[in-house]
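**Q** Pasted the sequence and its predicted model underneath.
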Number of protein chains: 2
Amino acid sequence: MEGLTKIDDLGHPRVVIVGGGFAGLELAKALRDAPVQVVLIDKQNYHTFQPLLYQIATASLEADSIVSPFRKILGKQDNFYFRLAEVLAVDTAGQVVETTIGKLRYDYLVLATGATSNFFGDQRMQRNAFTLKTVEDAIELRNTVLYNFEQALQLGDEEQLNSLLDFVIVGGGPTGVELAGALSELRQHIFPNDYRELDFKEMDIHLIQSGPVLLKGMSANASQHALESLREFGVQVWLDCRVKSYDGYTVTLSNGEKLITRTLIWAAGVTGAPIAGLSKDCMMPGNRYCVNEFSRVQGYDNIFAIGDIAAMKTEEYPEGHPMLAQPALQQGHLLGMNLARIIAGQKPEPFEYDDKGSMATIGRNHAVADIKIFGKEFHWEGFTAWFAWSFIHVASLISFRNRLMVFLNWTWSYISQDKGRRYIIGKPRPSITEEEAGEKAIV
Amino acid sequence: MEGLTKIDDLGHPRVVIVGGGFAGLELAKALRDAPVQVVLIDKQNYHTFQPLLYQIATASLEADSIVSPFRKILGKQDNFYFRLAEVLAVDTAGQVVETTIGKLRYDYLVLATGATSNFFGDQRMQRNAFTLKTVEDAIELRNTVLYNFEQALQLGDEEQLNSLLDFVIVGGGPTGVELAGALSELRQHIFPNDYRELDFKEMDIHLIQSGPVLLKGMSANASQHALESLREFGVQVWLDCRVKSYDGYTVTLSNGEKLITRTLIWAAGVTGAPIAGLSKDCMMPGNRYCVNEFSRVQGYDNIFAIGDIAAMKTEEYPEGHPMLAQPALQQGHLLGMNLARIIAGQKPEPFEYDDKGSMATIGRNHAVADIKIFGKEFHWEGFTAWFAWSFIHVASLISFRNRLMVFLNWTWSYISQDKGRRYIIGKPRPSITEEEAGEKAIV
């Protein structure tokens, strides 16, 4: 590990950041001028703009438009070092992080590891369901959706056909709603032209939501509008309904109904990914680390947590802030300022969440938005919200190049009503077996 | 296989095309208005613009800019049908193609399966070398190149370091020359900024050519200019030299020299991929099918071969036309016209190759071009050739969207001197083991 030892000579305290999502990346940037050595550790060599993963899965965007290599984003920041590795454990007494590429000393450790899908212990579900947390998840889902239709062309059996053409999405939050909307657009505008031999009346899209409303946490207006729009687009929305089991083929719902699908997408909940070596005392429900208003993990002086993995209890948010990009970005930025203050012997500033509102898109010209501007709330829906959603998402992307590419792709798709990234690069998840497909006839 | 049986009712003769490269795709297009049913079979659901694969491998372009889904290109052509499958054998007596998804009857069969890398029987080389024939090859190479540097950061041992930083390219044709040039650009402009902790004087790029000149088949001027440019860029070019063996680590050359690398790219020759069931009599050296001037495979009435897999012997080309995009496109187009003529009881027209010349790019502002316009030859090199190369490649891409995207990417890269697609999405080939990396110290 010569590379790292070389830079030890600088004599600056070392801040090790685990995870380069919104929180970790923002922190690394905020430390640009601080007298520290910043070491970012991530399993990927790129930052992912997670809110648009569903667009990769539905052939609207290519992965390269929403990811940026860390070395490209921060290559010019002198105090920035990156290591492609996974963290295995923390030795808090020795101030050492154990990783897949060796041990790494730290002066300040920041956990920004985000959240993973929560299957609530259902291992069969975990094995069979698709998730949408990484670029590789999204590419696998895209490949599988397309491969389903290629396979369906060869099938005569009605139930087998439905198992390929029907999709079940579990979870009525933004990811579930946006994915259901995008799939219904594909069904309406794209697939019937690509697969003229299939009858797309056979393609059902189910959205299962455990509670009584979609987009929980948004305004009642937004929830209602989302529900109506999705139903108008032909999505079958099941409210107050849970999935009891899924064996890769049959979905059993809490109301006793059964659905057949080989493609169930799990967007129903997330959980933190705890790191070995930290005391259990600082864990909150949902595997989030309990932090104080300075993002300091309970019981530790020099360990911090930001973003989804952190739960900062406040009066307004007794269970911690929502697991969204905005709190992550704001916590990352403030911690950067605060670490500089702490090192300079100054007092850190407490975190205050500036909730700018939230939004979700449902399809062409359809979105909902609850926006807060100077403390005032605005509710938009339909075209205005959709336009605002598009604008804000383009503006939030990391590099100018990505902004330009996404803008061009969206403009193009809007005008042509096309979603062009319909290729199977890499492997789809194998689904139908030869026996299931039945006899192969000469045709 | 209901899908296919449905369309049998049209009563038109069925043309089955195996392979959607330049030749197969052009043929499918040319049959647009012919009274036939066109069935294209390919292992991928997209066409690949192979001449730019090296740009994916070197992080200049993303895959989506150079591929197009067949269903998107030809979805509006009424007589076009696509099946994602691999052909296993042909039953020429029964007029049936056996595929991985079942059997398929044909009236006319067109083989357009292209060529694969030729390892001349060296199985160890085949196992250890990288190739550059598919998008997935190119992505694997890109991932591995980047992962090499990430790993190199952790190494102290000089030889291990060189095994990761050094690259050996075998074959001095366009692919080898273009890849060597692009790697040298990465070494000069990109990697030193990304990996400040590494010394890029340690990164060697070797290009091994069995004959006395690079770009064999182009003009002496072009060959000489390519050689000089590459040497100027710091590429070590070995002429009249062959690789005797490669075990994944040590390259032994015919002149006795040994090179150390974990990344050897094989661009040294191609061979056709013969299909079981066809007579051996129609095979030529290099596993190409011997065809007459109408692209008809020797000994068969209704089987044709076009593109790299076909060898049409002429006075000027006694071993068949060069295995390039131009002959493939022209053969595909003419065969489309000829099949319509044959079905209408008219005489087909013999093929005549219109050689428009050839070109290769070496790097920023550097390319060589031998262009034929109205029978006159023009030799360009340097900026003019580079500009012509760029223009012709953009114009040759399949869709307007791809043209726009590649044009924007190249303009962007040219101005910013950046190659931005530097992410590891999917798996790199595993290279260095834990034992090889040595003791992991606390740093």
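**A** Perfect, I can see it now. Residues are numbered from 1 along each chain as shown, chains lettered A, B, ... in the order given.

**Q** how much space is there between A:Ser358 and A:Val145?
**A** Between A:Ser358 and A:Val145 the computed distance is 27 Å (C-beta to C-beta, to the nearest Å). C-beta: built from backbone N, CA, C; applies to glycine.

**Q** Between the two, which is the more surrounded one?
**A** With neighbours defined as other C-beta atoms under 10 Å in any protein chain shown, A:Ser358 and A:Val145 compare such that A:Val145 has more, 23 against 20.

**Q** Get me the contact residues on the stretch 251-400 of chain A for chain B.
**A** Taking C-beta under 8 Å from any C-beta of the partner chain as the contact definition, the stretch 251-400 of chain A meets chain B at A:Ser399.

**Q** can you give me the strands in the stretch 251-400 of chain A?
**A** Shown for the stretch 251-400 of chain A, the strands assigned by DSSP state E, counting those that start in this stretch span residues A:258-260, A:263-266, A:270-272, A:283-284, A:288-291, A:303-305, A:310-312, A:357-363, A:366-373, A:376-381.

**Q** and the ones you listed as CSV, adding mean pLDDT and distance to A:Ser163?
**A** Listed next are these as CSV, based on pLDDT from 0 to 100; distance: least, C-beta to C-beta, whole Å:
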stretch, mean pLDDT, distance to A:Ser163
strand A:258-260, 97, 5
strand A:263-266, 98, 9
strand A:270-272, 92, 28
strand A:283-284, 90, 40
strand A:288-291, 97, 37
strand A:303-305, 98, 42
strand A:310-312, 97, 40
strand A:357-363, 92, 25
strand A:366-373, 91, 29
strand A:376-381, 89, 35
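
**Q** Which of these sits closest to A:Leu339?
**A** Within the strands of the stretch 251-400 of chain A, the stretch nearest A:Leu339 is strand A:303-305; the backing value is 8.1 Å (C-beta to C-beta).

**Q** Show me what residue of the stretch 101-250 of chain A gets nearest to chain B.
**A** In the stretch 101-250 of chain A, the residue that lies nearest chain B is A:Gly102 (3.4 Å; C-beta to the nearest C-beta).

**Q** Report the beta-bridge partner residues of that residue.
**A** Under DSSP bridges, the beta-bridge partners of A:Gly102 are A:Thr99.

**Q** Assess the claim that it and B:Leu155 are in contact.
**A** No. Applying C-beta atoms under 8 Å as the test, A:Gly102 and B:Leu155 come out as separate, 11.1 Å apart.

**Q** my read: A:Phe70 touches A:Gly21, true?
**A** No. Contact status for A:Phe70 versus A:Gly21: not in contact, 11.2 Å apart, counting by C-beta under 8 Å.

**Q** Now for these two: what residues contact both?
**A** Residues touching both A:Phe70 and A:Gly21 (C-beta atoms under 8 Å, 6 or more residues apart in numbering or on different chains): A:His47.

**Q** For the residue lying closest to A:Val270 once chain neighbours are set aside, give me its contacts.
**A** Nearest non-adjacent residue to A:Val270, counting by C-beta to C-beta, 6 or more residues apart in numbering or on different chains: A:Ala115, 3.8 Å away. Neighbour list for A:Ala115: A:Val270, A:Thr271, A:Gly272, A:Ala273, A:Asp308, A:Ile309, A:Met323 [criterion: C-beta under 8 Å, 6+ apart].

**Q** about what we covered before: of A:Gly102 and B:Leu155, which one has the most company?
**A** The neighbour comparison of A:Gly102 against B:Leu155 (other C-beta under 10 Å) goes to B:Leu155, with 22 against 18.

**Q** The residue nearest to that one when sequence neighbours are not counted: which element?
**A** Closest residue to B:Leu155 apart from its sequence neighbours, by C-beta to C-beta, 6+ apart: B:Leu161 at 5.1 Å. Secondary structure assignment for B:Leu161, by DSSP states H and E: helix B:158-165.

**Q** any residues touching the one helix or strand A:Lys72 maps to, and which ones?
**A** Here A:Lys72, judged by DSSP H and E, is contained in helix A:70-74. For helix A:70-74, contacts defined as C-beta under 8 Å, 6+ apart pick out A:20, A:25, A:28-29, A:40, A:42, A:45-47, A:80, A:82, A:398-399, B:193-195, B:418, B:420, B:422.

**Q** Got a quick ChimeraX command for the buried subset of these?
**A** This is how ChimeraX selects the buried members of the contacts of helix A:70-74, with burial counted by 16 or more other C-beta atoms under 10 Å in any protein chain shown:
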select /A:20,25,28,29,40,42,45,46,47,80,82,398,399 /B:194,195,418,420,422
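
**Q** which of the residues in stretch A:28-42 are buried?
**A** A:Ala28, A:Lys29, A:Ala30, A:Leu31, A:Ala34, A:Val36, A:Gln37, A:Val38, A:Val39, A:Leu40, A:Ile41, A:Asp42.

**Q** Let's see that stretch as CSV, backbone CA atoms only.
**A** C-alpha atoms of stretch A:28-42 as CSV (Å, rounded to 0.1, in the frame of the first residue of the first chain):
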residue,chain,number,x,y,z
ALA,A,28,-15.6,15.1,0.2
LYS,A,29,-16.3,18.2,-1.8
ALA,A,30,-17.0,20.3,1.2
LEU,A,31,-13.5,19.4,2.6
ARG,A,32,-11.8,20.8,-0.5
ASP,A,33,-10.0,23.5,1.3
ALA,A,34,-9.8,21.9,4.8
PRO,A,35,-6.4,21.0,6.2
VAL,A,36,-7.2,17.3,6.0
GLN,A,37,-6.5,14.2,3.9
VAL,A,38,-9.8,12.9,2.5
VAL,A,39,-9.9,9.2,1.7
LEU,A,40,-13.1,8.0,0.1
ILE,A,41,-13.8,4.3,0.1
ASP,A,42,-16.5,2.9,-2.1
